[in-house]
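> One predicted model, sequence on top.
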Amino acid sequence: MNKIDNKTKEIRELLAPIVEGLVIKTYFSYYGLFKDNLMFGLYKDNKLYLKISKEFIRDEHYSTFFNENSVLMCDFYFVAENQWDKFFKDADWLLSLIQSLKTEREKVTAKRLIRHLPNMNINLERLLQRNGIKTVGELHHLGEVDVFVKLIEKGFDVTEPLLFKLHGALNNQLVYTLNNKQKEYLLEEADTALYNAGLRKRFTKK
């Protein structure tokens, strides 16, 4: 059993019978839960966060299983461990949630031009294109943190607002709607990625 399997054994055993083709891989300091290359959850130290689409926010399961104040980042909500058995008995709801996330992603990627995404404009599109990120699909594939670090590695003097804009663009969210917790999470992840790339941290003291 490798490290990832060992660290995610409990959640894997719960999800594998429900989510066909489940893939778990590292996502910065967390483990990402994926189906069909779509991340629908985050897991770390027996704490589970599921991404809840806008369609499901008012679903009865949302009020039953999720705390509105327990957002980790951009619609990832904490699911208490004592709710797992009850929650995962409803396989249809979980699979419907994943399908709704796929639909949201398709709507975003259907917008062919980066400039048409939330928070983006023609100048940012040109900046990304000059650095090899020419399509919305490529932007999604890399993710906001890797794109941000890539620009720093190339010598661009980019700052945290760009990181927030990229995150919003990929999650169909206007930058001014990001809360402090989401911003702090993004800055921590950016610093981790900078450190792993051999660059100095910019945003946190740890």
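Received the coordinates, thanks.
> and Ala91, what is it in contact with?
Counting by CB atoms under 8 Å, 6 or more residues apart in numbering, Ala91 makes contact with Ile18. No exception for glycine: its C-beta is placed from N, CA and C like everyone else's.
> Give me the pLDDT value at Lys89.
Looking at Lys89, its pLDDT reads 78.
> now Ala110
pLDDT for Ala110: 65.
> Only alpha carbons, please: show the longest helix belonging to the chain as CSV.
Criterion DSSP state H: the longest helix present in the chain is helix 91-109. Taking C-alpha atoms only, helix 91-109 is exported to CSV below (Å, rounded to 0.1, in the frame of the first residue of the first chain):
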residue,chain,number,x,y,z
ALA,A,91,-25.4,7.2,-3.8
ASP,A,92,-27.8,8.8,-6.2
TRP,A,93,-27.5,12.2,-4.6
LEU,A,94,-23.7,12.1,-4.7
LEU,A,95,-23.6,10.9,-8.3
SER,A,96,-26.1,13.7,-9.2
LEU,A,97,-23.8,16.2,-7.5
ILE,A,98,-20.8,15.1,-9.5
GLN,A,99,-22.8,15.3,-12.7
SER,A,100,-23.9,18.8,-11.9
LEU,A,101,-20.3,19.8,-11.3
LYS,A,102,-19.5,18.3,-14.8
THR,A,103,-22.2,20.4,-16.3
GLU,A,104,-20.9,23.6,-14.7
ARG,A,105,-17.4,22.8,-15.9
GLU,A,106,-18.7,22.3,-19.5
LYS,A,107,-20.4,25.6,-19.4
VAL,A,108,-17.2,27.3,-18.4
THR,A,109,-15.0,25.6,-20.9
